[in-house]
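Q: Sharing a sequence plus its predicted fold:
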Amino acid sequence: MGPNFNIYDTITLVQVVRNLKVSQQFLLKKFFPNIIESDTEKVAIDVDIGRRRMAPFCSPLVKGKLVESRRYQTNEFTPAYIKDVRVPDLRKPIRRQIGERIGGEFTPMQRRDINMVFEIEDQIDVLNRRLEWMAAQALLTGTITVVGEGFPTTVIDFQRDPSLTIALSGADKWPLTVADGATNNKPTQDIESWQLQILKMSGAQATDLVFTTKSWQAFRLDSTIHDTAITFPNQNPFGNAVDPGPKVMTG
């Protein structure tokens with residue numbers, strides 16, 4: 001229900017409550033810093049298809065063994081456009097803007113400019129949120145599915161091995177409660193197994209772990225982490241120390 005003011009009442013605007021659910025680009029900046037902009041219709045990526053091979057042995061009296069050259073492939077993609085169109089409200093220049101004194105203090109031209117800045121900032125916010133969503137999809141599934149009006153549904157497949165996309169369910173989930181005296185090493189065992197799998201499948205080394213709030217709560221209950229890195233971190237001041245306190249970020 002909107003406020004009802006009497007023309008004989010006095011009122012003062014004392015505070016503006018800003019939206020704290022602003023877009024963040026943590027994943028994008030952390031894991032995808034090399035953003036390349038192009039003015040062509042299509043973009044292409046050359047992929048070096050590396051294989052683990054060793055040079056063959058042979059006798060010095062025979063000719064060398066023919067070795068196939070390493071192959072590469074070119075993947076191309078026609079990106080969809082982002083078109084955020086706003087319909088201007090012609091009443092806003094004559095109506096009070098957010099943060100403006102009750103009763104108004106700006107001219108219509110000033111209100112128009114304020115509203116334009118507000119809309120542009122919101123456009124940047126939703127664009128950043130879309131980019132962050134793309135980064136999250138690439139990390140979670142190894143693919144990005146592009147769906148839009150008038151654009152054919154397209155799946156960008158980074159060809160990550162299916163065994164590296166893991167979803168825990170049922171009894172495989174990390175426990176959120178551990179009974180007194182019980183031992184829980186499932187999170188650390190899973191993480192060690194996963195990083196070895198990454199090394200074997202791709203040759204890459206995992207360097208960062210990103211937790212949701214719920215998975216972080218389960219990770220803290222791991223006996224190895226709780227006993228060595230949280231409860232007694234001073235016994236090893238050179239490493240293996242985990243700060244169990246929450247780090248609250250906007251977004």
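A: Here it is on my side, so go on.
Q: residue ranges with poor pLDDT in the chain?
A: Counting by pLDDT under 70, the chain has low-confidence residues at 1-3, 229-251.
Q: All the strands of it, residue numbers only.
A: 43-48, 72-77, 143-148, 151-157 (DSSP state E).
Q: so of the ones you listed, which one's packed in deepest?
A: Stretch with highest mean neighbour count among the strands of the chain: strand 143-148 (a mean of 14; mean count of other Cβ atoms under 10 Å). For every residue, glycine as well, the C-beta is placed using N, CA and C.
Q: What are the contacting residues of stretch 107-117?
A: Contact with stretch 107-117 is made by 88-89, 92-95, 97, 100, 106, as judged by Cβ atoms under 8 Å, 6 or more residues apart in numbering.
Q: meant to ask about stretch 79-96, not that
A: Residues contacting stretch 79-96 (Cβ under 8 Å, 6+ apart): 43, 102-104, 108-109, 111-112, 115, 119, 123, 126-127, 130, 146, 148, 151, 154.
Q: State the distance from the closest residue to L127 other than its chain neighbours to V43.
A: Nearest residue to L127, sequence neighbours excluded (Cβ to Cβ, 6 or more residues apart in numbering): I82, at 6.4 Å. Separation of I82 from V43 (Cβ to Cβ, to the nearest Å): 15 Å.
Q: that older thread, what separation is there between the residue nearest to L127 and A206?
A: To A206, I82 is 32 Å away according to Cβ to Cβ.
Q: now Q110
A: For Q110 relative to A206 (Cβ to Cβ), the value is 53 Å.
Q: what does D113 give?
A: According to Cβ to Cβ, D113 stands 49 Å off from A206.
Q: check contacts around D227.
A: By Cβ under 8 Å, 6+ apart, the contact set of D227 is empty.
Q: Could you report the neighbour count for the residue nearest to L127?
A: By the criterion of other Cβ atoms under 10 Å, I82 has 11 neighbours.
Q: Tell me how far the residue lying farthest from the centre of the chain lies from A138.
A: What lies farthest from the middle of the chain is L61; by Cα atoms, centre = their mean that is 58.0 Å. Look at L61 and A138: by Cβ to Cβ, they are 53 Å apart.
Q: Could you double-check that A44 sits in contact with T74?
A: Yes. Applying Cβ atoms under 8 Å as the test, A44 and T74 come out as touching, 5.5 Å apart.
Q: Between those two, which contacts overlap?
A: Contacts common to A44 and T74, judged by Cβ under 8 Å, 6+ apart, are absent.
Q: Enumerate every residue touching E76.
A: 42-45.
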